[in-house]
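Engineer: The sequence and its predicted three-dimensional model are supplied below.
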Amino acid sequence: MTMIVRCLIADGKLQRLSYIPGVVRGHGPPDFARPSQAPDVVKRITDMSAPFGTKFKIEEEDVTVSL
């Protein structure tokens with residue numbers, strides 16, 4: 001499992017933080033997908049982040065971290 005992290009910084013402040021889930025198969029490059037196409041990755045990240053109180057919003061194109 002992998003992800004691409006995206007962030008929007010404006011006026012020196014983090015405005016938006018999100019990720020696009022992905023899967024690495026064998027030795028090839030990762031395959032990135034919409035959250036609905038990679039539910040195992042989204043669940044794993046959500047479960048790993050829960051002890052830290054991190055909240056997410058699943059969007060159509062990516063998963064947004066609630067700031």
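Structural biologist: Cool, got the structure.
Engineer: for stretch 57-65, what is the average pLDDT?
Structural biologist: Stretch 57-65 shows a mean pLDDT of 97.
Engineer: Next up, phi/psi of residue 43, please.
Structural biologist: Here is the backbone geometry of residue 43 (degrees, to the nearest 10): phi -60, psi -40.
Engineer: ok, it - how many residues close by?
Structural biologist: By other CB atoms under 10 Å, the residues close to residue 43 number 11. C-beta here means a position set from N, CA and C on the backbone, and glycine is covered the same way.
Engineer: how near is it to residue 6?
Structural biologist: For residue 43, the distance to residue 6 equals 20 Å [CB to CB, to the nearest Å].
Engineer: Please apply the same query to residue 22.
Structural biologist: 13 Å.
Engineer: cool, residue 66 as well?
Structural biologist: Counting by CB to CB, the gap from residue 66 to residue 6 is 15 Å.
Engineer: The two - which one has more neighbours?
Structural biologist: Between residue 66 and residue 6, counted using other CB under 10 Å, the more crowded position is residue 6 (14 against 9).
Engineer: Looks to me like that one is in a strand.
Structural biologist: Yes. Using DSSP: H, G, I helix; E, B strand; the rest coil, the assignment for residue 6 is a strand.
Engineer: list the contacts for the residue lying closest to it once chain neighbours are set aside?
Structural biologist: Spatially, and ignoring its direct neighbours in sequence, residue 6 is nearest to residue 18 (4.9 Å; CB to CB, 6 or more residues apart in numbering). Contact analysis of residue 18 by CB atoms under 8 Å, 6 or more residues apart in numbering lists 5, 6, 7, 59, 62, 63, 64, 65.
Engineer: in terms of contact, does the third one touch residue 13 like I think?
Structural biologist: Right, residue 7. No. Residue 7 is beyond contact range of residue 13, at 10.8 Å (criterion: CB atoms under 8 Å).
Engineer: Neighbour count for those two, which is higher?
Structural biologist: Set residue 7 next to residue 13 and count neighbours by other CB under 10 Å: residue 7 wins out with 11 against 8.
Engineer: Alright, calling it a day.
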